[in-house]
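Visitor: Sequence below, structure please.
(one chain, ligands or ions: 2)
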Amino acid sequence: MENPTPPKGPMQAETAPDAAKSAQGAANAAKKALLLEALSYIGHFKGKIVVIKYGGAAQVHEAVKRSFANDVVLLQSLGMLPVIVHGGGPEVSRTMEAMGQEAVFVDGLRVTTAEGLNVTEMVLSGLVNKDIVALVNQQGGRGVGISGKDGPTVLARRLQRQDGKDLGLVGEIEQVDPSLITLLLERGFIPVISPIGMGDDGTTYNINADSAAARIAAALKAEKMIFMTDVDGVLQDGTLVSALTAAEALHLIDQGVISGGMVPKVEAMLHCLGHGVGTATIINGGEHHAIIAELFTDTGVGTQITP
Ligand SMILES: Nc1ncnc2c1ncn2[C@@H]1O[C@H](COP(=O)(O)OP(=O)(O)OP(=O)(O)O)[C@@H](O)[C@H]1O
Ligand SMILES: [Mg+2]
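Guide: Numbering: from 1, shown residues only. Ligands and ions are numbered 1, 2, ... in the order given. As a prediction, the model looks like this:
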C-alpha cells in the first residue's frame, strides 16, 4: 500500500513542484473562464451583422493589416456576417501631394474639389479597396469590393453644413439601399465598401467613411458597429474614456476635447445609437487582434457610447 501524502499544514512551505502545479492550475482555470466567456459571445453574435469601419489611419503596418483581415475571416467562420467599410484619408492625402494637389480639411472633413474627387475615388475605390479585398482573400475569405455607387448602395447629395461651410463635392447620405450587401452576405462573401456615393443625377460624392459606415450599419440593422482607428478610443487628457453617454460626448465636442477626425466618428456612433444598431465602439486598429478582444470579452476595449 502506498504511503498517503501527509496533509499540508498551514505553516508548511509549498515545495517548488507544488507551486508550479498550483500556478498551472490557476492558469488553466483562467483559460477555461476566458474560453467560456468567449463562447457565450460567439453564440450571441452568430448570424448577426457586424459592421467594421476600418480607418485609413489604422491601415499602416502590414502585419497588423494581415491580423485584421485574419480576424474578419475568423468572425465569418464563427457564423457572423462581417461587413467592412473603409476610410483611407492618409493614402488620399499622399496621392494628392504626389500629384501636386493640396489636401484641405474643415473640422475633420475633407474639402473635395472636382480634381480632388477623381483622385479620391481612384484611391479609395481602387487602391485602398482592392488592397483590403486582397488581404481578406489571402486569409482565406471571399472579399468583394464595392463602392457606394454599386447597386447603387449609397445615394447622396451635396453636404449642406449648418455653419454654411462648403466642402465641395462632399456628400451626405440621403438613403442606403442594403440589398447588394445583403445579397453578398447571403452568398458567403465579405463586402468591402468604399465611402463613395452617387447623386440621383449621377454626380459622384466623397463621403466621410465614419458617416457612411454608421448609415450602412443602421440600414443593415447591424448588431454591432466597430470603428477601428489609430488611437485607443476617445481620449481626455491622454486617458482613455471607456464609456460615454450621448450628452457627455456632445459636451466633449463642444469643449473641443473631441476634435478633428474624432468628431465625425463620435457623431457616427450617436447615429448608430439612435437607429437600431446594437452597440457601437471605437477601438485601436493598430493593436493586433483588437476586434477579437472587443467582441469576445466582457470588458471589451476602447470607447463605447451609451444613451
Ligand atoms: N479626444 C480625442 N481622442 C482621441 N482622438 C482624437 C480626439 N480628438 C481628436 N482626435 C484625433 O482623431 C484621430 C482619428 O480620426 P482620423 O479621421 O484621423 O482617423 P480614421 O477615421 O481612423 O481614418 P480615416 O479618416 O482615414 O478613415 C486621432 O488620430 C486623433 O488625432
Ligand atoms: Mg476619419
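
Visitor: From now on I want contacts and neighbour counts done on CA atoms only, so please keep to that.
Guide: OK.

Visitor: Break down the stretch 101-250 of the chain into its strands, ranges please.
Guide: 104-106, 109-111, 143-147, 154-158, 171-176, 190-194, 196-198, 204-206, 224-229, 235-236, 239-240, 243-245 (DSSP state E, counting those that start in this stretch).

Visitor: Take these and write them to TSV, including distance to ligand 1, mean neighbour count and mean pLDDT.
Guide: Formatted as TSV, the strands of the stretch 101-250 of the chain follow (distance: least, C-alpha to the nearest ligand atom, whole Å; neighbours: other C-alpha atoms under 10 Å; pLDDT from 0 to 100):
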stretch	distance to ligand 1	mean neighbour count	mean pLDDT
strand 104-106	10	12	76
strand 109-111	8	19	70
strand 143-147	15	23	98
strand 154-158	17	24	97
strand 171-176	15	21	96
strand 190-194	10	27	98
strand 196-198	12	29	98
strand 204-206	12	28	96
strand 224-229	4	27	95
strand 235-236	4	14	96
strand 239-240	8	12	94
strand 243-245	12	15	93
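
Visitor: In JSON lines, list the ones you listed along with distance to residue 123.
Guide: Listed next are those as JSON lines, based on distance: least, C-alpha to C-alpha, whole Å:
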{"stretch": "strand 104-106", "distance to residue 123": "17"}
{"stretch": "strand 109-111", "distance to residue 123": "14"}
{"stretch": "strand 143-147", "distance to residue 123": "12"}
{"stretch": "strand 154-158", "distance to residue 123": "18"}
{"stretch": "strand 171-176", "distance to residue 123": "17"}
{"stretch": "strand 190-194", "distance to residue 123": "10"}
{"stretch": "strand 196-198", "distance to residue 123": "11"}
{"stretch": "strand 204-206", "distance to residue 123": "11"}
{"stretch": "strand 224-229", "distance to residue 123": "19"}
{"stretch": "strand 235-236", "distance to residue 123": "30"}
{"stretch": "strand 239-240", "distance to residue 123": "32"}
{"stretch": "strand 243-245", "distance to residue 123": "34"}
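
Visitor: wait, which of the ones you listed is closest to residue 128?
Guide: strand 190-194 (8.3 Å; C-alpha to C-alpha).

Visitor: Report how many residues lie close to residue 302.
Guide: 24 (other C-alpha atoms under 10 Å).

Visitor: need the contact list for it.
Guide: The neighbours of residue 302, taking C-alpha atoms under 8 Å, 6 or more residues apart in numbering as the test, are 232-234, 240-242, 281-284, 294.

Visitor: out of those residues, which is most surrounded?
Guide: residue 282 (28 neighbours).

Visitor: quick one: secondary structure of it?
Guide: At residue 282 the chain is in strand, as set by DSSP: H, G, I helix; E, B strand; the rest coil.

Visitor: What sits closest to it if chain neighbours are left out?
Guide: residue 227 (4.6 Å; C-alpha to C-alpha, 6 or more residues apart in numbering).

Visitor: Looking at the strands of the stretch 101-250 of the chain, which is nearest to residue 265?
Guide: Of the strands of the stretch 101-250 of the chain, nearest to residue 265 by C-alpha to C-alpha is strand 224-229, at 7.6 Å.

Visitor: Note down every partner strand of the closest one and its orientation.
Guide: Next to strand 224-229 in the sheet, as set by DSSP bridges, lie strand 49-54 (parallel), strand 279-284 (parallel).

Visitor: for it, the distance to its chain's centre please.
Guide: 3 Å (C-alpha atoms, centre = their mean, to the nearest Å).

Visitor: before we move on, back to that, to residue 75, which of the strands paired with strand 224-229 lies closest?
Guide: The nearest among those, by C-alpha to C-alpha, is strand 49-54 at 8.9 Å.

Visitor: In contact with residue 144, which residues?
Guide: Here residue 144 is in contact with 133, 184, 189-192 (criterion: C-alpha under 8 Å, 6+ apart).

Visitor: now do residue 303
Guide: 232-234, 240-244, 281-283.

Visitor: Kindly state the beta-bridge partners for it.
Guide: Counting by DSSP bridges, the residues bridging with residue 303 are residue 282.

Visitor: residues in the stretch 201-307 of the chain within reach of ligand 1, list them.
Guide: 209, 229-231, 233-236, 257-262 (C-alpha under 6 Å from any ligand atom).
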